[in-house]
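[1] What follows is a predicted structure for the sequence shown.
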Amino acid sequence: MKFLTNPAKLAKIFTQTRRDFLKSTAATATLGLVGGGIAGKEVKAFAYEPYPLDDDLETVVTSCAHNCGSRHMLVAHKKGDVIVRLSTDDGTHQGDDAYGTDTEEKPQLRACLRGRSYRSRLYSPERLLYPMKRVGKRGEGKFKRVSWDEALTDIAKSMVHLKETYGPTAILDQSYAGASYGVLHKSDQIEGLLGRFLGMFGCRTNSWSVPSYQGNTFASRMSYGTIQDGNEDDAFMHSKLIIMWGWNPAYTFHGGNTFYYMRKAKQRGCKFVVIDPQYTDSASAYDAWWIPIRPNTDAAMMAGMAHYIFANNLQDQEFIDKFVQGMDEGTMPDWAKGQENFKDYIMGVSDGVEKTPDWAADICGVSAEDIIKLADMYATTKPAALKASWSPGRNAYGEQYARMANALQAMTGNVGVLGGCAEGVGKGWHAEGVAYPYDQFANVWFAAIKSDRWAHCVINYPNVKREEIGIWPRGDNTDGQIPNIRGIFWQGSDWFNQLTNINKEIEAIDKLNSYGEGESLLVCMDSTITPTGIWADYLLPIATHFERHDVALPWYKGHYYIHRPKVINPMGESKSDFQVFTELAYRLGFGPGYNPKANRDYFNNPDAVDEAYLIDWWGKVQHHQGVEWTWDEFKKRGVYKFVFDEPQVAFKEQIEQGKPFQTASGKIEIFSGQLAQITDWTKTSYGYYIPAIPKWIEPWESLNHPLTKKFPFHMISPHPRWRTHSIFNNIPWLRETFSQEVTINASDAAKLDIRMGDIVEIYNDRGKVIVPVYVTERCMPGVVVLHEGAWMDLDKDGVDRSGNPDFLTKDDPSPAGAFAYNTVLCNIKKTTLNHRPGWDKLATARSHVFRRDL
Ligand SMILES: Nc1nc2c(c(=O)[nH]1)N[C@H]1C(S)=C(S)[C@@H](COP(=O)(O)OP(=O)(O)OC[C@H]3O[C@@H](n4cnc5c(=O)[nH]c(N)nc54)[C@H](O)[C@@H]3O)O[C@H]1N2
Ligand SMILES: Nc1nc2c(c(=O)[nH]1)N[C@H]1C(S)=C(S)[C@@H](COP(=O)(O)OP(=O)(O)OC[C@H]3O[C@@H](n4cnc5c(=O)[nH]c(N)nc54)[C@H](O)[C@@H]3O)O[C@H]1N2
Ligand code: SF4
Ligand SMILES: [Mo]
């Protein structure tokens, strides 16, 4: 920063550096001559060790893991028990293919920069190798090493105490998708190992809403009756127009080979449009028409498009009459005749406000001409894919955007059609997903709340109304009970760092502290130290997916399984999650029920039991999915790629064969019968009213809000190219490729007298964060972009030096449960405080975290 503001000084530093550099190269050259070329002694001291050739190494096919947007192959090359190199799919691994095979039907599963740097995570200084117990205050980061026996004895004792004293809702399950995409060692809110463990123990408050896409999930359930609304990615090749609505697959991965198929579409002449506050890498890669839009106003723009389509009679009326409920008066169900239908709302018949393109333009900042041009393109190009991604739904009333997208997709007849698109959620091919017992004990809970409301619940307990935290109805006499949360388990989640409004979470920890020693319990199970772990009482070291046996599942799209053998032995004293829960279950009296194939020895020897589960699972794959390979064949080859005759298209059978949609009416419900019949919203998991048809609802913060006087910028926080949320934040290679910075339009920067590289404070009433600035024309004025997932790093004044946007986000959820991550106003000013891009101090001197008091 100082360099840029002081050119004279910069020039001096540069010359000095350059001179030093010249001096040192001259010296090296001389040495080289004296020592006789590269054989010279001094030169040799700098030479690398010879790299072992693949012939000297054992090659093992495995896969990458985590909630990263895809699932690709990693090939480990190992020497003894150490992975020395990672490569990826080269086409050969299915066994019958030649090197380089890469076809539309069976594409390679090639890893991205994160996957390829995985070795740095595996062997990172932040790796957790031993169970740790907190010795300082919560959040202080002081731990000492303890034995597994001590950690598990303490945890089991505390669990029993909390359950007996505070009842069956005392322990909050904050397991999430860090390990969801495997069949055995699973973390997850519904199918996860923790849910079953706490459910069997009889003490569990579940976190029911999903940060990724609760708005889209809700919309897909209401409109189609299912979240299985995704085509497989190869269907994109058949589109003539692809509208990437808040979607940037070149950067934020969505499916294993999306980018490849979209390139094929481009080659076939498909046109691309991007609706996004940023000119994204996808916009540039596909030479798309970029339409910048004010964040959180998408539903208004879509309503304007619908108006143009209706006004010009461009809708596919035949499709609507046959497949849709409530698009217009003629398609309303008999029992709801006279209630508001979608067309009447759009045309202003029901509320007197016509949702014209001009009306929309005032709200969303896109000109009426552009709204009309896009609406016309979409209604007249067939087939056309409007891919409504999740980010615009991660907003206040985000469900309205997602429902509005469904209305556009249906009115243009693009549902169930090859080259069209009904997404939404976008779940495509249905995998056989669970290998361990998934029985009556799976997902048992005694209370379930909106995931981002746990802090609100803890801070205000017991003075909390059920609608404030989105209590899921139970249908028995415990219905509506406010959970008395006294403990949290984090498994496969870094939620303390990733949920909204972190300062409020810290306040909730203070409340737990106020109950006194022993009256609350925080357990973090992870492979590395994480920002969440810093707040825990116990850190349990978990073996990574290289150190346990499993099978990898695709992420939403893709049709393949990748074998995940135990490539190396668990590092340090780490154990798999399943081992830990099984051992805890034994200590709590339900070991055999929890893990029926195991005995107590599982904690030390899990391999045979794990494989037995996987063999059973493979039996289901063979049975349900017609796979002929034996388990041994699969293990030998490492990957099974399904080959289909044609791209899989969601709702094809409904459209082509008249099969009913999975809604109550059997139609695409743009007027939702279910919502229309709700009378007491407080008794639903939503808590608050949601209209039966999609509508534009003014968000609580936006560029149209009076609060812009105080906080003139709208912050969005998309997903980082170089991280999987918070995972990989500590990888130096990746931090060299991208850095945490705030993106701001050049005109805004000029107004604030801010230049590229300056350090700024971004702030609002919820928090303050420090980051460097990236000045660009690629982001619209008034909007700033700060990627999620930086590892929080608070200074003594409560300022986050890492630039984590979740200090600024608000924890008010949208009624349907959407996290409002992108509904944030803020302000920016220059600061003299320094940005701290990583925990490098901790990384290089990890002893002060891990070896303290040993
Ligand atoms: N501001 C803002 N915040 C956001 C978002 C946003 O758009 N904006 N997006 C949100 C979204 S969509 C999501 S999905 C969340 C993600 O939130 P998280 O799921 O909390 O994010 P991750 O960083 O992926 O954390 C997963 C953790 O699981 C651990 N892990 C991996 N494998 C295993 C395993 O086998 N066992 C165990 N025990 N642990 C394992 C990893 O080390 C990591 O710490 O972030 C949300 N946060
Ligand atoms: N590299 C990488 N890929 C990932 C992940 C990751 O962490 N890293 N995480 C995975 C997970 S768990 C998820 S949930 C998905 C998320 O997938 P998405 O939700 O599709 O991804 P985002 O990156 O949040 O946002 C995509 C685009 O939406 C834009 N955007 C933000 N707000 C608005 C808005 O209000 N309106 C409009 N029109 N556009 C808006 C952003 O500028 C961004 O370019 O990504 C997955 N893929
Ligand atoms: S996209 Fe995901 S699965 Fe694929 S290599 Fe990258 S991190 Fe791994
Ligand atoms: Mo997500």
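    Sure thing, it's come through. Numbering: from 1, shown residues only. Ligands and ions are numbered 1, 2, ... in the order given.

[2] and the stretch 201-350 of the chain, which residues reach ligand 2?
    Selection of the stretch 201-350 of the chain residues close to ligand 2 by Cβ under 6 Å from any ligand atom yields 212, 245-248, 252-254, 275-278, 280, 293, 295-296, 298. For glycine as for every other residue, the C-beta is placed from the backbone atoms N, C-alpha and C.

[3] My guess is Thr737 contacts Arg114. True?
    No: counting by Cβ atoms under 8 Å, Thr737 sits too far from Arg114 to count as a contact (9.8 Å).

[4] Which of those two has more residues huddled nearby?
    Arg114 (26 against 12; other Cβ atoms under 10 Å).

[5] Sort out which residues of the strand or helix carrying the more buried one are buried, please.
    Per DSSP states H and E: Arg114 is located in helix 113-116. Residues of helix 113-116 classed as buried: 114-116 (neighbour count, 16 or more other Cβ atoms under 10 Å).

[6] ok, so of these, who is nearest Leu374?
    Of all the buried residues of helix 113-116, Arg114 has the smallest distance to Leu374: 33.7 Å, by Cβ to Cβ.

[7] so what sits against both of Thr737 and Arg114?
    Common contacts of Thr737 and Arg114 (Cβ atoms under 8 Å, 6 or more residues apart in numbering): Trp722.

[8] just for the stretch 701-850 of the chain, where's the confidence low?
    Residues of the stretch 701-850 of the chain meeting the criterion pLDDT under 70: 840-850.

[9] Let's have the buried residues of helix 113-116 in CSV, adding distance to ligand 1 and pLDDT.
    Formatted as CSV, those follow (distance: Cβ to the nearest ligand atom, whole Å; pLDDT from 0 to 100):
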residue, distance to ligand 1, pLDDT
Arg114, 11, 97
Gly115, 14, 97
Arg116, 17, 96
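
[10] which of the residues you listed are close to ligand 2?
    When the buried residues of helix 113-116 are checked against ligand 2 using Cβ under 6 Å from any ligand atom, none falls in range.

[11] can you redo these as JSON lines with distance to Asn206?
    As requested, the buried residues of helix 113-116 are exported to JSON lines (distance: Cβ to Cβ, whole Å):
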{"residue": "Arg114", "distance to Asn206": "30"}
{"residue": "Gly115", "distance to Asn206": "31"}
{"residue": "Arg116", "distance to Asn206": "36"}
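
[12] about what we covered before: please list only the buried members of the residues of the stretch 201-350 of the chain next to ligand 2.
    Judged by 16+ other Cβ under 10 Å, buried ones among those: 212, 245-248, 252-254, 275-278, 280, 293, 295-296, 298.

[13] Among these, which are located in strands?
    Among those, the ones falling in strands (DSSP state E) are 245, 275.

[14] For Thr663, see how far away the nearest residue to Asp281 once chain neighbours are set aside is.
    Leaving out its chain neighbours, the residue that sits closest to Asp281 by Cβ to Cβ, 6 or more residues apart in numbering is Ala250, at 4.1 Å. Plainly put, Ala250 is 34 Å away from Thr663 if you go by Cβ to Cβ, to the nearest Å.

[15] now swap in Trp208 and tell me
    Taking Cβ to Cβ, one finds Trp208 at 21 Å from Thr663.

[16] One more: Ala448?
    Plainly put, Ala448 is 23 Å away from Thr663 if you go by Cβ to Cβ.

[17] More neighbours: which of those two?
    Neighbour count, other Cβ under 10 Å: between Ala448 and Thr663, Ala448 has more, with 24 against 19.

[18] Over to that one: give its phi and psi.
    Backbone torsions for Ala448, taken as degrees, to the nearest 10, come to phi -140, psi 130.

[19] three-state assignment of the nearest residue in space to Phe236 that is not next to it in sequence?
    Nearest-residue entry for Phe236: Tyr261, 4.7 Å, with adjacent residues in sequence omitted and distances by Cβ to Cβ, 6+ apart. At Tyr261 the chain is in helix, as set by DSSP: H, G, I helix; E, B strand; the rest coil.

[20] And what about the residue in the chain that ligand 2 sits nearest to, helix, strand or coil?
    Here the chain gets closest to ligand 2 at one residue, Gly69, 2.4 Å apart by Cβ to the nearest ligand atom. Under the three-state scheme (three-state DSSP), Gly69 adopts coil.

[21] swap in Asp321?
    Assigned with three-state DSSP, Asp321 falls in the helix class.

[22] can you pull the contacts of it?
    Each residue near Asp321 by Cβ under 8 Å, 6+ apart is listed here: 330-331.

[23] Likewise for Thr500?
    Thr500 touches 452, 806, 809-811, 819-821, counting by Cβ under 8 Å, 6+ apart.

[24] what two of the residues you listed have the greatest distance between them?
    Asp806 and Ala820 (11.6 Å).

[25] Have a look at the two and say which one is more surrounded.
    Neighbour comparison, Asp806 and Ala820: the larger count goes to Asp806, with 29 against 24 (by other Cβ under 10 Å).

[26] Quick check, that one in contact with Ile502.
    Yes: with contact defined as Cβ under 8 Å, Asp806 reaches Ile502; the gap is 5.0 Å.

[27] hey, what's in contact with both of those two?
    Residues touching both Asp806 and Ile502 (Cβ under 8 Å, 6+ apart): Met792.

[28] next one: phi and psi at Ile668?
    With angles defined as degrees, to the nearest 10, Ile668 sits at phi -70, psi 120.

[29] if we can go back for a sec, for Ala235, see how far away the nearest residue to the residue of the chain closest to ligand 2 once chain neighbours are set aside is.
    In this structure, Gly69 finds its nearest non-sequential neighbour in Phe253, 3.0 Å apart by Cβ to Cβ, 6+ apart. Phe253 is 18 Å from Ala235, where distance means Cβ to Cβ.

[30] tell me the contacts of the nearest residue to Thr412 once chain neighbours are set aside?
    Leaving out its chain neighbours, the residue that sits closest to Thr412 by Cβ to Cβ, 6+ apart is Ala379, at 5.4 Å. Contacts for Ala379 were tallied using Cβ under 8 Å, 6+ apart; they are 309, 312, 314-315, 412.

[31] please redo it, this time with the cut-off set to 6 Å
    For Ala379, the contacting residues are 309, 314, 412, by Cβ atoms under 6 Å, 6 or more residues apart in numbering.

[32] Keep those residues, but drop any that are not near ligand 1.
    Counting by Cβ under 6 Å from any ligand atom, no member of those is near ligand 1.

[33] Over stretch 348-368, what's the mean pLDDT, rounded is fine.
    Stretch 348-368 carries an average pLDDT of 98.

[34] tell me which element Met200 is part of?
    helix 193-201.

[35] Could you list every helix and strand in contact with that helix?
    Identification of packing neighbours for helix 193-201 by 3 or more Cβ pairs under 6 Å, 6 or more residues apart in numbering; DSSP states H and E yields strand 171-173, helix 577-588.

[36] Residue ranges of each domain in this structure, please.
    By the assignment in automatic domain parsing, the chain contains the domains 132-208+441-553+560-641, 214-429+668-678, 706-830.

[37] would you turn those into a markdown table with distance to ligand 3?
    Rendered in a markdown table, the data for the domains of the chain read as follows (distance: least, Cβ to the nearest ligand atom, whole Å):
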| stretch | distance to ligand 3 |
| --- | --- |
| domain 132-208+441-553+560-641 | 8 |
| domain 214-429+668-678 | 5 |
| domain 706-830 | 6 |
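
[38] picking that back up, which ones among the contacts of Ala379 are found in helices?
    Members of the contacts of Ala379 lying in helices (criterion: DSSP state H): Ile309.

[39] just to revisit the earlier point, out of the domains of the chain, which comes closest to Asp89?
    Nearest to Asp89, of all the domains of the chain, is domain 132-208+441-553+560-641, at 7.6 Å by Cβ to Cβ.
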